[in-house]
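**Q** Okay, predicted coordinates and the sequence, questions at the end:
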Amino acid sequence: MKGWMGKVKSVFLLSLLALVLAGCGKENLTAFVPKGYGAESSMNLIILSSLIMLFVFIIVFLVYVITLVRFRKKKGQEDFVPKQVEGNKTLETVWTVIPIILVLVLAVPTVAATFDLADESGAKDGINIDVTGNQYWWHFSYAGEEIQTSQDLYIPTGEKVYLNMQSSDVIHSLWVPSISGKMDVSPENENTMYIEANEEGVYWGKCAELCGPSHSLMDFKVVAVSPEEYEQWVEEMKKVDPEAQPQDAVAQDGKAAFEENNCMSCHAIGSSPAAVGPNLTNFGDRSKIAGILEPTKENLVQWIRDPESIKPGNKMTGNYPELSEEEASNIAEYLLQLQPSEITPESAGN
């Protein structure tokens, strides 16, 4: 009896732990609080599949309990053999047809939602953004706008934004759980999906395909702002002058050090696409440094001096001269002043 009670307690504690952990997470990094059309479609499928599984569980459990109670071995009936139902056509038809029906009930809306979220019929008149997945960051090129940016993807609320995605190296998978489904980003071909945010906010995006040692750190943000703010952001980004000099003397030294250490051979500021590393046009407005660090000068200096300790396997490590603390600090000051627009993640309620 003691051993049996111990097992019950263990199962209870594990179930309680699972229930508590299920409540952990970030509001804008979960498919269970949908804030976009794609996420709502996914949530509907999650609910449907959960109901089907619950239905199957209840039926199997009831059959099991009834069988256990009704056909248990009774005193004086040790040799009793209950009626055998092997070859019963009715039963075999029932437990064959019901699973087929359940599969169809789940498969039909799943296939319909998959095609719906990949529908490109409105792309010609909509906002198109070319997305490039890289180890371990994301690049965004706004078609027809001559805007290049990385890591923070700005979109207007209430509009479909079409993402034309391709990888520069290995297979990635773009996923913004709160507003969309996920889709593979392949080096072999271009995949297209659309995202649509119902309300303003900063939504966390992830790479959902194992792509290397820093796969779990390949984060980005979708900044959803009002249509008016989005238009303002576009106009301000188009006016960026890559040659503009900072007003601050320290930032001026940082810009000089940035250029002297050949940083521009990998990065770009303005409408030119970056060759190897992220575009830095609005770096000072980003919600995170390297996708994961809080946007402080101290964190940026650490990233500049030793990126490998933060994102193992990144392409930045070893591709520029070793910098002194002062040089890294000056470059950090310069980068943090790259704030071309009044529209920032704070505008979206970050």
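**A** Yep, that arrived. These figures come from a predicted structure and were not determined experimentally. Residues are numbered from 1 along each chain as shown.

**Q** Show the subsequent helix or strand relative to the longest helix anywhere in the chain.
**A** For the chain, the helix that runs over the most residues, judged by DSSP state H, is helix 37-70. Next helix or strand after helix 37-70 toward the C-terminus (DSSP states H and E): helix 89-117.

**Q** Tell me the buried residues in that following helix?
**A** Within helix 89-117, the residues that qualify as buried are 106, 109, 113, 117, counting by 16 or more other C-beta atoms under 10 Å. Every C-beta, even on glycine, is put in place using the N, C-alpha and C of the backbone.

**Q** I figured the last one hits Thr192, correct?
**A** If I follow you right, that is Leu117. No - if you go by C-beta atoms under 8 Å, Leu117 and Thr192 don't touch, sitting 10.2 Å apart.

**Q** Where does confidence bottom out across the buried residues of helix 89-117?
**A** Among the buried residues of helix 89-117, Leu117 carries the lowest pLDDT, at 85.

**Q** distance of that one from Ser180?
**A** Going from Leu117 to Ser180 by C-beta to C-beta, to the nearest Å gives 7 Å.

**Q** now the longest helix of the chain and helix 89-117, what's the angle there?
**A** With axes from the mean of the first three to the mean of the last three C-alpha atoms, to 10 degrees applied, the angle from helix 37-70 to helix 89-117 works out at 170 degrees.

**Q** gap between helix 37-70 and the chain center?
**A** The chain centre lies 28 Å from the centre of helix 37-70; the measure is C-alpha atoms, centre = their mean, to the nearest Å.

**Q** Any buried residues in that helix, and which?
**A** Applying 16+ other C-beta under 10 Å to helix 37-70 flags 37-42, 45 as buried.

**Q** For this structure, which residues score under the pLDDT cut-off?
**A** 1-5, 21-25, 273-275, 349-350 (pLDDT under 70).

**Q** helix/strand/coil for Lys206?
**A** The assignment at Lys206 comes out as strand when based on DSSP: H, G, I helix; E, B strand; the rest coil.

**Q** Touching, it and His215? I think so.
**A** No - applying C-beta under 8 Å as the test, Lys206 and His215 come out as separate, 9.3 Å apart.

**Q** circling back to that earlier point, intersection of neighbour lists for Leu117 and Ser180?
**A** In terms of C-beta atoms under 8 Å, 6 or more residues apart in numbering, Leu117 and Ser180 are both contacted by the residues 38, 193.

**Q** all strands of the stretch 101-250 of the chain, in order?
**A** 127-134, 137-142, 147-150, 152-156, 161-167, 172-175, 182-185, 191-195, 201-207, 220-225 (DSSP state E, counting those that start in this stretch).

**Q** Could you identify which of the ones you listed is most buried?
**A** Highest mean neighbour count of the strands of the stretch 101-250 of the chain: strand 220-225, a mean of 26 (counted as mean count of other C-beta atoms under 10 Å).
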